[in-house]
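Student: No letters, just coordinates:
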Ligand SMILES: [Zn+2]
Ligand SMILES: [Zn+2]
C-alpha cells in the first residue's frame, strides 16, 4: 500500500474534506448520466433516438456504459485518483460504476481492465483501470480470466485529439495473451471514456481471441 494511504485520514477526492474518500455532499453533486442514452454507446442524446450512429465507429463493442458525467466532483476525484495517487478512490469510484451496471443489467463472465503500456505503468506506479476493475469484480462477484490484455505499443495521450485521431492512435494497440476466450462475455473497464475508441480497440483484440460480446464500461463519460 502507498505510504500516503497509511499516514493520512480519508479525505474527499471531490472537495478534500476530511472524513471519507468521497463525501456525501460530493456524491450528491456528481451528475449521473440521464436518459435518453444511445442504446449502444450510452452517450446522452438530445432526443429519444435509439442509437446515435456509433455502430460504424465502434464496431467491436456490443455496448458501452458509463456511470457519471466527467465534470464537477467526479472529474476532481478521478484526477486525484489517476495523477495524484489517491488509490483509495478506486473503491467509491467503482461503486458508482457498479450501481449503474446493476441498474442497466450489465454483467459478464469476466472483467478486465484497459491496460497501460508497461512504460507508462512504470512511470505512474499503477494502472488506475486495474484498481477499478478489481473493485468492480469484487462488487459484482465476477472473476478475472486466465491470461492478460496488454497494450503492445505506447500510444500518445488522447486528450485534445479529435475522433479520427483517437481511433488511429489505438488501432491494433492491444492484444490478448492467454488461452482462447471461447465465446465468453467480457466487461472492459476504464476510468474515463470519450469517443469509446480505446475500449473498442480492446474489444477488437478480445474478439480476435475468440470472446463473445464485449461491453465497455467507464466511471465517467466526456460529452463530445
Ligand atoms: Zn466532497
Ligand atoms: Zn451511440
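Tutor: It's in. These numbers were taken from a predicted model, which means no experiment stands behind them. Ligands and ions are numbered 1, 2, ... in the order given.
Student: Which neighbouring elements make contact with the helix or strand harbouring residue 166?
Tutor: Per DSSP states H and E: residue 166 is located in helix 163-170. Helices and strands touching helix 163-170, by 3 or more CB pairs under 8 Å, 6 or more residues apart in numbering; DSSP states H and E, are helix 197-208. Yep, even glycine has a C-beta here, placed from its N, CA and C like the rest.
Student: List the buried residues for whatever helix or strand comes next after the helix it packs on?
Tutor: Past helix 197-208, further along toward the C-terminus, the next helix or strand under DSSP H and E is strand 214-221. Neighbour-count burial for strand 214-221 flags 214, 215, 216, 217, 218, 219, 220, 221 (criterion: 16 or more other CB atoms under 10 Å).
Student: tell me the two of these that are most distant?
Tutor: 214 and 220 (19.6 Å; CB to CB).
Student: follow-up on the earlier one: between the buried residues of strand 214-221, which is nearest residue 93?
Tutor: residue 219 (4.9 Å).
Student: got a list of what the residue sitting nearest the centre point of the chain touches?
Tutor: Among the residues of the chain, the one closest to the centroid is residue 190, at 1.9 Å (CA atoms, centre = their mean). Residues near residue 190 by CB atoms under 8 Å, 6 or more residues apart in numbering: 113, 114, 129, 132, 198, 199, 216, 217, 218.
Student: Phi and psi next, for it.
Tutor: Note on residue 190: backbone dihedrals following degrees, to the nearest 10 are phi -130, psi 170.
Student: Any idea what it is bridged to?
Tutor: With DSSP bridges as the criterion, residue 190 is bridged to residue 218.
Student: ditto for residue 151
Tutor: Under the criterion used (DSSP bridges), residue 151 bridges to residue 174.
Student: which residues sit in contact with the spatially closest residue to residue 9 that is not a sequence neighbour?
Tutor: In this structure, residue 9 finds its nearest non-sequential neighbour in residue 18, 5.6 Å apart by CB to CB, 6 or more residues apart in numbering. Counting by CB under 8 Å, 6+ apart, residue 18 touches 9, 10, 11, 12.
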